[in-house]
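1. What would the 3D arrangement of this be:
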Amino acid sequence: MPPPSRSLLWLGLVLGAVCASRGPAAPGNATDPLNVLLIIVDDLRPSLGCYGNKLIRSPNIDQLASRSLLFQNAFAQQAVCAPSRVSFLTGRRPDTTRLYDFNSYWRVHAGNFSTIPQYFKENGYVTMSVGKVFHPGISSNHSDDSPYSWSVPPYHPSSEKYENTKEFQKLYPLENVSLAPDPQVPTGLPLVAYNPWMDLRQREDIQALNLSVPYGPIPADFQRKIRQSYFACVSYLDTQVGRLLSALDDLQLASSTIVALTSDHGWALGEHGEWAKYSNFDVTTRVPLMFYVPGRTAPLPVEGEKFFPYLDPFDSVSEVPEPGRQTGDLVELLSLFPTLAGLAGLRVPPRCPIPSFHMELCREGRNLLKLFEDHGEEEEPHVRSNPRELVAYSQYPRPADSPQWNSDKPSLEDIKVMGYSIRTVDYRYTVWVGFNPQEFLANFSDIHAGELYFVASDPLQDHNVYNDSQGGTLPQSFMP
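-> I've put the predicted structure just below:
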């Protein structure tokens, strides 16, 4: 007997939108398979109202968060688009996909690994993609991994006409836009760790500033303009998410659709004297992550109720909704694959052996399903496991021990050093070690530099105490 007909709704926002449904179903029937809507945002750090930012107007995402389980400490595995997206869509770490740049297709280069949409498709779902889900180009075989992952060809709407939209900048007058709280290069930062933001330096307006390379600071007034534009983009994004979620109400799908929202990585806006991504700091690896599961993270909507009414960020009356359930657990984007499968009632793929290049279907991330269990009304809304047992790993490649023209985006053959970073509730610890790109091997006996930041006393990670510690050797739990 064929599996029941289902739909997997997919969205990649840079921006784009899609709405599809699996047909009418009885609301609240526990036996009905749920749709899944995954919203993947490009370059979005947790600068949102639901993450405590008092300046940003993001009422629609905040509304989604109020009905979701929100993860306060979710981290990407590499702070650049293609490696991160391939990592969480396959559930494998960059060292398994062997993708650290934009120039290879994992099915040929590393292994014929299954993806989240492929797994849902093979289990009876109709899977659709719009906008940026996989990174376009070689890393997704110039096809967004079709036909493996998708039931119909992916759709990429044109976005050029929105590039010069200024309306949302009015939400953020320059006099209200502050500079990054830590605009200086961290004390004791090794040269290899610095992101010289070379792509930003290619802009004509940046070149006109005649900045010194690599550390020349951008003038304060120009910094405010960059931050203003980023915040405006967040509010524009929020309106698109709001319209999409409102469509779920209109189609009466809010009671039968799981909604997950995340980003491929964060973004530096002057913190540590850096811009863009391309590092292992929290500001570039930490991402928003939330899951709305009807009947589990929020009560089922009653008939006729608007569960996700559109909220206008220009409406000064709009307030950040009361937060829903939250968890401070450290989690990795690798957990998307097993968690979405489990929430949809599919068999959760098994843990990968080491190595796992020969296994098409397995996952290297933790299944977060237990965090969605109903703990009753007397339970604190802030759900946590034992935080000291949890870690998140990230990594970033460099072509040399000091900043140069391709430090931010080195091609595979140019990688000479790999920075492996472990984030715990107490610290972020990074070692930069020699790396052989031909054999994809890191030499942990060849330590080029290190970083150690204690989160309690240095939450912004501004003071590297690696050389002051008795470290220099790796903790037992360092490697995943």
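
2. need the longest strand for the chain.
-> Within the chain, and with DSSP state E defining each element, the longest strand by residue count is strand 441-454.

3. And the pLDDT at residue 186?
-> Listed pLDDT for residue 186 reads 89.

4. cool, the one 4 residues further on as well?
-> Taken from the predicted model, the pLDDT recorded for residue 190 is 97.

5. Now do it against residue 333, distance only.
-> Shown here: residue 190 relative to residue 333, a distance of 26 Å by Cβ to Cβ, to the nearest Å. C-betas here are computed from N, CA, C, even on glycine.

6. Among these two, which residue is more densely surrounded?
-> Using other Cβ atoms under 10 Å as the criterion, residue 190 and residue 333 rank with residue 333 on top: 27 against 19.

7. Would you agree that one is in contact with residue 78?
-> No. In this structure residue 333 lies outside contact range of residue 78 using Cβ atoms under 8 Å: 9.9 Å.

8. what bits of the stretch 251-400 of the chain have low per-residue confidence?
-> Regions of the stretch 251-400 of the chain meeting the criterion pLDDT under 70 cover residues 317-320, 374-389.

9. And the helices in it, which stretches?
-> 282-285, 336-343 (DSSP state H, counting those that start in this stretch).

10. gap between the last one and the chain center?
-> Translated: helix 336-343. The chain centre lies 16 Å from the centre of helix 336-343; the measure is Cα atoms, centre = their mean, to the nearest Å.

11. the strands in this structure, which residues?
-> Taking DSSP E as the criterion, the chain contains strands spanning 6-13, 35-41, 69-75, 125-127, 257-263, 268-269, 275-276, 286-292, 325-332, 382-383, 392-398, 417-423, 427-436, 441-454.

12. can you put these in TSV and add mean neighbour count and distance to residue 351?
-> Written out in TSV, the entries for the strands of the chain read as follows (neighbours: other Cβ atoms under 10 Å; distance: least, Cβ to Cβ, whole Å):
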stretch	mean neighbour count	distance to residue 351
strand 6-13	25	23
strand 35-41	24	22
strand 69-75	23	19
strand 125-127	22	23
strand 257-263	23	21
strand 268-269	21	33
strand 275-276	22	34
strand 286-292	26	21
strand 325-332	22	14
strand 382-383	14	23
strand 392-398	26	15
strand 417-423	23	19
strand 427-436	21	24
strand 441-454	17	22
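
13. nearest to residue 225, of the ones you listed?
-> Evaluated over those, closeness to residue 225 peaks at strand 268-269, with 11.2 Å, by Cβ to Cβ.

14. In terms of secondary structure, what does the closest one contact?
-> Where contact means 3 or more Cβ pairs under 8 Å, 6 or more residues apart in numbering; DSSP states H and E, strand 268-269 is packed against helix 220-250, strand 275-276, helix 282-285.

15. what lines up beside the second one in the sheet?
-> Meaning strand 275-276. When pairs are called by DSSP bridges, strand 275-276 turns out to pair with strand 268-269 (antiparallel).

16. Identify all contacting residues around the partner strand.
-> Strand 268-269 is touched from outside by 180, 195, 197, 223, 226-227, 230, 274-277, 279, 281, 283-284, with contacts defined as Cβ atoms under 8 Å, 6 or more residues apart in numbering.

17. Run through the stretch 51-200 of the chain and note the low-pLDDT ranges.
-> For the stretch 51-200 of the chain, the stretches with pLDDT under 70 are 160-165.

18. give me every residue that touches residue 143.
-> For residue 143, the contact set (Cβ under 8 Å, 6+ apart) comprises residue 154.

19. mind running it again at 10 Å?
-> Contacts here follow Cβ atoms under 10 Å, 6 or more residues apart in numbering; on that basis residue 143 touches 105, 134, 136, 149-150, 153-154.

20. Would you mind writing the ChimeraX command to select the buried ones in those?
-> Selecting in ChimeraX just the buried members of those, where the criterion is 16 or more other Cβ atoms under 10 Å, is done with this command:
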select :105,134,136,149,150,154
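
21. May I see the contacts of residue 143 organised as TSV, with distance to residue 236 added?
-> Formatted as TSV, the contacts of residue 143 follow (distance: Cβ to Cβ, whole Å):
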residue	distance to residue 236
105	32
134	23
136	21
149	28
150	27
153	27
154	22
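
22. circling back: relative to residue 345, which of the helices and strands packed on strand 268-269 is closest?
-> helix 220-250 (19.5 Å).

23. okay, the strands of the chain in CSV with distance to residue 366 next?
-> CSV is the format used below for these (distance: least, Cβ to Cβ, whole Å):
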stretch, distance to residue 366
strand 6-13, 22
strand 35-41, 18
strand 69-75, 12
strand 125-127, 23
strand 257-263, 15
strand 268-269, 27
strand 275-276, 29
strand 286-292, 13
strand 325-332, 7
strand 382-383, 15
strand 392-398, 10
strand 417-423, 14
strand 427-436, 19
strand 441-454, 23
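
24. out of these, which comes closest to residue 171?
-> The nearest among the strands of the chain, by Cβ to Cβ, is strand 268-269 at 16.2 Å.

25. So what's the gap between that closest one and the chain middle?
-> Between the mean C-alpha point of strand 268-269 and the mean C-alpha point of its chain there is a distance of 15 Å (Cα atoms, centre = their mean).

26. Same question for stretch 202-218.
-> Mean C-alpha position of stretch 202-218 versus that of the full chain (Cα atoms, centre = their mean) differs by 28 Å.

27. Can we start the residue count at 290 from this point?
-> Taking 290 as the first residue, the last one we looked at is stretch 491-507.

28. contact partners of it?
-> Judged by Cβ under 10 Å, 6+ apart, the contacts made with stretch 491-507 from elsewhere in the structure are 468, 472-474, 480, 483-490, 508, 511-515, 559, 562-564, 691-694, 696.

29. Can I get the buried part of these as one PyMOL selection?
-> Taking 16+ other Cβ under 10 Å as the burial criterion, the selection of buried members of the contacts of stretch 491-507 in PyMOL is written as:
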select buried, resi 472+474+483+484+485+486+487+489+490+512+513+515+559+562+563+564+692+693+696
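
30. now the closest residue to residue 370 other than its chain neighbours: how far from residue 391?
-> In space, not counting the residues next to it along the chain, residue 370 is nearest to residue 424; the distance is 4.8 Å by Cβ to Cβ, 6 or more residues apart in numbering. Distance of residue 424 to residue 391, given as Cβ to Cβ: 7 Å.

31. Overlap of the contact sets of these two?
-> When contacts are counted by Cβ under 10 Å, 6+ apart, residue 424 and residue 391 are jointly contacted by 369-372.

32. Just flag the most distant two among the residues you listed.
-> Applying Cβ to Cβ across the shared contacts of residue 424 and residue 391, the maximum distance is between 370 and 372, 7.6 Å.

33. Does residue 644 touch residue 385 like I think?
-> Yes. The pair residue 644 and residue 385 qualifies as a contact (Cβ atoms under 10 Å) at a distance of 7.4 Å.

34. List the contacts of the closest residue to residue 689 other than its chain neighbours.
-> Nearest non-adjacent residue to residue 689, counting by Cβ to Cβ, 6+ apart: residue 705, 6.1 Å away. Contacts for residue 705 were tallied using Cβ under 10 Å, 6+ apart; they are 481, 686-690, 699, 723-726, 737.

35. Closest to residue 542 out of these?
-> When these are compared for distance to residue 542 (Cβ to Cβ), residue 686 comes out closest, at 41.6 Å.

36. Quickly note the distance from residue 694 to residue 701.
-> Residue 694 is 17 Å from residue 701, where distance means Cβ to Cβ.
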